[in-house]
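Asker: give the three-dimensional model of this entry:
(chains A and B)
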Number of protein chains: 2
Amino acid sequence: MASAPKIYVAVVGVGLLVSLTSTTRTIFNHANPITSPSSWKSDLAASVDRPDLPKLTEKLSALVSPSQKVALIDNTSSEDVAALYPTWIKAGISVITPNKKAFSGDIALYEQIVAASKTGGRFLNEATVGAGLPVIGTLKDLVATGDKIIKIEGVFSGTMSYIFNEFSTGKPDGPAFSSVVSTAREKGYTEPHPADDLNGFDVARKLTILSRIVSHSPSSSALPKLQSFTSVQTASLIPPELENIPSGDEFISRLPEFDDHFAKMRAAASAEGKVLRFVGVVDVLNGQVRAGLEKYPTTHPFATSLGGSDNIIMFHTERYGERPLIVQGAGAGAAVTAMGVLGDLLKLA
Amino acid sequence: MASAPKIYVAVVGVGLLVSLTSTTRTIFNHANPITSPSSWKSDLAASVDRPDLPKLTEKLSALVSPSQKVALIDNTSSEDVAALYPTWIKAGISVITPNKKAFSGDIALYEQIVAASKTGGRFLNEATVGAGLPVIGTLKDLVATGDKIIKIEGVFSGTMSYIFNEFSTGKPDGPAFSSVVSTAREKGYTEPHPADDLNGFDVARKLTILSRIVSHSPSSSALPKLQSFTSVQTASLIPPELENIPSGDEFISRLPEFDDHFAKMRAAASAEGKVLRFVGVVDVLNGQVRAGLEKYPTTHPFATSLGGSDNIIMFHTERYGERPLIVQGAGAGAAVTAMGVLGDLLKLA
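Answerer: Numbers count the residues shown, from 1 in each chain, chains lettered A, B, ... in the order given. Prediction:
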């Protein structure tokens, strides 16, 4: 979804906000921390200092001491910022972020982060999957307390949730696929270019993050080591003919050509008493991580309980047996993402 | 449910198990911590030392230091043990427990615990509601990050969940109420005396715990200050004629006299397209905390998604808007209760 915060890197030392950085400006004021919730935007806009992450790293590192915790909140979705996590964490600066890049990209970066966190700062990324929903924390608790994860299965994309909750209700017919996508775009539920949602990469990234947490468990030996989110078996919904269309408007205007294709899939699912849902699966037992369109009975929680643009995540584990642990609710949006980030900050403090 | 652990008080200092206490025996060995997962039972049984909580308090207090965290895990359901929490927490000993007594009993004890934790040890009680499900942690995060809780609504008793999932499926008829309760008892899902479940007190206690967490939020002014779980408006399912029957067997043998009463309620619900569920509600907006039988449409998650002896908890909040944050899964049993306790211990460490 398009609603993730994208602009600022904020910095906190011992609960005090000492720095803010946007793509064009920065403030650093340790002696006189930022306290006004009303003026920080104008203060930042008025700053003449340009962002300088190496300098920021240096200044923050100097604040780290046994009696003072320093945290950096990365609210960007930048790969460049993510690449600095190992440096920060090694320096004792904890990183809190909804940015998926570092945890779902190249395995080498992820392993550097994990290694650095053994002796340095921590990394807290609850908001990378399901925003404020207790997903990462719950999975970490299950793994840390020795439960055996069998399968994680869910609707991880709010955009995909909305599209298929509207498109496939169990009946053989319904609205055209292109009209549902078009409405979702008008409501701001998709990225400006809907292909950025329909390619399934957002789901693949979230699955990579979860899969890597599970891989710390001794009972996960069948699970493949994902080199990157591109290693996830992802069945994109973009028709091959529309693969490289640069503009969202053109993409939307051509999508009706494929309505028939999606309508046939919906009818086939309905004939089996099922709905279509775009899901992500970390199948630990069978060593498979996949994202794509799957069919679920109309009596399944993915059909009955889901609505709006909710996420739903099922943890099938040895301890929970036949009935999984389920977490459901809004998984995107500024307020619930901020909750995930702030919750992590409070845990650190 | 009858499966909550009931016997031991175990003690941990810096990750080392230094003491175990049952109702009849105790071990304390700081120099030589208990490390064997196989022999602790026989070691404890072989001890000649009788439990002595004041002496234990003294010994543990002596271990508390700035460099050493001490935690006491109370796996009993004892009021006497719960009464010692303020003493322990004041002495810097953190308390981790699935025991609901201290948090749902007299408000004075609860307030002493909260006051002591401001300067002393912490109290961690995730397992008091929903066992290992992320209920307490999620609610604390919502409150701490400034969300406004509007209503918490759920099926909080695994026993009640099983009974009504079997008894009321939306159809006008079905099995007799007494036969469902009898089966639940045979499966070990109820207390030996089913009245101990049907009185609703277990749900009232859980609601008290949640309600007191919500009361730390500035937007909870309408919420009544619960003097004790007995202040919750609880609609017991025990027929008045069976109120004081001392034995579980006799209770079960007389319950069929009331099958007609329950069958009529089921038929009335069915005629409205609804099912019966025994729920707990913390209605923050309207200032009401209640436990009892309510009717839900057959399309509601309490009807469609619930099964077995699952708990389900919905958090309706300002941030989550029209679609609540939902947590669902097994909410009782030794393994998932132990997970809640161990998860708390890992958070402390």
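Asker: point out the residues in chain A that sit beside chain B.
Answerer: A:132-134, A:137-138, A:141-142, A:144-147, A:299, A:301, A:304-305, A:307-308, A:310, A:315, A:319-330, A:335-336, A:338-339, A:342-343, A:346 (CB under 8 Å from any CB of the partner chain). All C-beta atoms are positioned from the backbone trio N, CA, C, and that covers glycine.
Asker: for these, which ChimeraX command selects only the ones that are buried?
Answerer: In ChimeraX, a selection of the buried entries from the residues of chain A next to chain B looks like this (16 or more other CB atoms under 10 Å in any protein chain shown):
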select /A:132,133,134,137,138,141,142,144,145,147,301,304,305,310,315,319,320,323,324,325,326,327,328,329,330,335,336,338,339,342,343
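Asker: out of the residues of chain A next to chain B, which are inside helices?
Answerer: Among the residues of chain A next to chain B, the ones falling in helices (DSSP state H) are A:137-138, A:141-142, A:144, A:301, A:304, A:335-336, A:338-339, A:342-343, A:346.
Asker: including pLDDT, could the residues you listed go into TSV?
Answerer: Converted to TSV, those look like this (pLDDT from 0 to 100):
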residue	pLDDT
A:137	97
A:138	98
A:141	96
A:142	97
A:144	94
A:301	94
A:304	91
A:335	91
A:336	93
A:338	91
A:339	92
A:342	91
A:343	93
A:346	90
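Asker: looking at those, which one is closest to residue A:48?
Answerer: For these, the residue nearest residue A:48 by CB to CB is residue A:338; the value is 28.3 Å.
Asker: downstream of the worst-scoring helix or strand of chain A on mean pLDDT, the next helix or strand is which one?
Answerer: Lowest on mean pLDDT, DSSP states H and E among the helices and strands of chain A sits strand A:9-13, with a mean of 60. Toward the C-terminus, strand A:9-13 is succeeded by strand A:16-21 as the next helix or strand (DSSP states H and E).
Asker: pull out the buried positions in that following strand.
Answerer: Neighbour-count burial for strand A:16-21 flags A:17-21 (criterion: 16+ other CB under 10 Å).
Asker: out of those residues, flag the one nearest to residue A:209.
Answerer: If you rank the buried residues of strand A:16-21 by distance to residue A:209 using CB to CB, residue A:21 comes first, at 24.4 Å.
Asker: so how far is residue A:29 from that closest one?
Answerer: Using CB to CB, to the nearest Å, residue A:21 is found at 12 Å from residue A:29.
Asker: what sits closest to residue A:313 if chain neighbours are left out?
Answerer: Nearest residue to residue A:313, sequence neighbours excluded (CB to CB, 6 or more residues apart in numbering or on different chains): residue A:154, at 3.7 Å.
Asker: which secondary structure element contains the one you found?
Answerer: strand A:149-155.
Asker: ranges for the strands of the stretch 201-349 of chain A?
Answerer: For the stretch 201-349 of chain A, the strands defined by DSSP state E, counting those that start in this stretch occupy A:233-234, A:274-283, A:288-297, A:310-317, A:325-330.
Asker: sheet-wise, list the partners of the shortest one with their directions.
Answerer: This points to strand A:233-234. strand A:288-297 (parallel) (DSSP bridges).
Asker: quick one: contacts of the partner strand?
Answerer: The contact list for strand A:288-297 (CB atoms under 8 Å, 6 or more residues apart in numbering or on different chains) reads A:200, A:203-204, A:207-208, A:211, A:223-224, A:226, A:231-235, A:237, A:265, A:269, A:272-283, A:302-303.
Asker: narrow those residues to those that are buried.
Answerer: Those of the contacts of strand A:288-297 that meet the buried threshold are A:200, A:203-204, A:207-208, A:211, A:223, A:226, A:231-232, A:234, A:237, A:269, A:274-283, A:302-303, by 16+ other CB under 10 Å.
Asker: distance of the residue of the stretch 151-300 of chain A found nearest chain B from residue B:207?
Answerer: Residue nearest to chain B within the stretch 151-300 of chain A: residue A:299 (7.3 Å; CB to the nearest CB). Noted for residue A:299: a distance of 30 Å to residue B:207, by CB to CB.
Asker: how about residue A:238?
Answerer: 49 Å.
Asker: could you do residue A:210 as well?
Answerer: From residue A:210 over to residue B:207 the distance is 33 Å, taken as CB to CB.
Asker: do the same with residue A:202
Answerer: If you go by CB to CB, the gap between residue A:202 and residue B:207 works out to 38 Å.
Asker: and what of residue A:175?
Answerer: 42 Å.
Asker: next one: residue A:29
Answerer: From residue A:29 to residue B:207 the distance is 46 Å (CB to CB).
Asker: kindly report the same for residue A:70.
Answerer: From residue A:70 to residue B:207 the distance is 40 Å (CB to CB).
Asker: redo the strands of the stretch 201-349 of chain A as a markdown table? Include distance to residue A:187 and mean pLDDT.
Answerer: Compiled in a markdown table, these are given as follows (distance: least, CB to CB, whole Å; pLDDT from 0 to 100):
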| stretch | distance to residue A:187 | mean pLDDT |
| --- | --- | --- |
| strand A:233-234 | 25 | 98 |
| strand A:274-283 | 18 | 98 |
| strand A:288-297 | 22 | 98 |
| strand A:310-317 | 15 | 98 |
| strand A:325-330 | 14 | 97 |
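Asker: low-confidence ranges in chain A?
Answerer: A:1-15 (pLDDT under 70).
Asker: switch to 80 and redo it
Answerer: A:1-16, A:30-39 (pLDDT under 80).
Asker: can you give me every residue that contacts the residue nearest to residue A:224 when sequence neighbours are not counted?
Answerer: Closest residue in space to residue A:224, ignoring its immediate chain neighbours: residue A:287 at 5.9 Å, by CB to CB, 6+ apart. Each residue near residue A:287 by CB under 8 Å, 6+ apart is listed here: A:222-224.
Asker: residue A:135 against residue A:327, yeah?
Answerer: Yes: counting by CB atoms under 8 Å, residue A:135 does reach residue A:327; the two are 5.9 Å apart.
Asker: overlap of the contact sets of these two?
Answerer: With CB under 8 Å, 6+ apart as the test, residue A:135 and residue A:327 both reach residue A:313.
Asker: list the buried residues in stretch A:22-32.
Answerer: Neighbour-count burial for stretch A:22-32 flags A:22, A:25-28 (criterion: 16+ other CB under 10 Å).
Asker: make TSV out of those residues and add distance to residue B:106 and secondary structure.
Answerer: Shown next, in TSV, are those (distance: CB to CB, whole Å; DSSP: H, G, I helix; E, B strand; the rest coil):
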residue	distance to residue B:106	secondary structure
A:22	52	coil
A:25	55	coil
A:26	53	strand
A:27	50	strand
A:28	51	strand
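Asker: ends of stretch A:265-285, how far apart?
Answerer: The first residue of stretch A:265-285 is 28 Å away from its last residue (CA to CA, to the nearest Å).
Asker: centre of the chain versus it, how much separation?
Answerer: Offset of stretch A:265-285 from its chain centre (CA atoms, centre = their mean, to the nearest Å): 22 Å.
Asker: ok, now stretch A:240-260?
Answerer: Put simply, stretch A:240-260 sits 25 Å off its chain's centre (CA atoms, centre = their mean).
Asker: outside of it, which residues touch it?
Answerer: Against stretch A:240-260 from outside (CB under 8 Å, 6+ apart): A:176-178, A:181-182, A:185, A:191-195, A:239.
Asker: element containing residue A:73?
Answerer: Per DSSP H and E, residue A:73 falls inside strand A:70-74.
Asker: that strand: partners in the sheet, and parallel or antiparallel?
Answerer: Here, using DSSP bridges, strand A:70-74 pairs with strand A:9-13 (antiparallel), strand A:93-96 (parallel).
Asker: pull out the buried residues from it.
Answerer: So, applying 16+ other CB under 10 Å, buried residues of strand A:70-74: A:70-74.
Asker: can you get me the start-to-end distance on stretch A:17-27?
Answerer: Terminal-residue distance, stretch A:17-27 (CA to CA): 10 Å.
Asker: also stretch A:58-69?
Answerer: Start-to-end span of stretch A:58-69 (CA to CA) is 15 Å.
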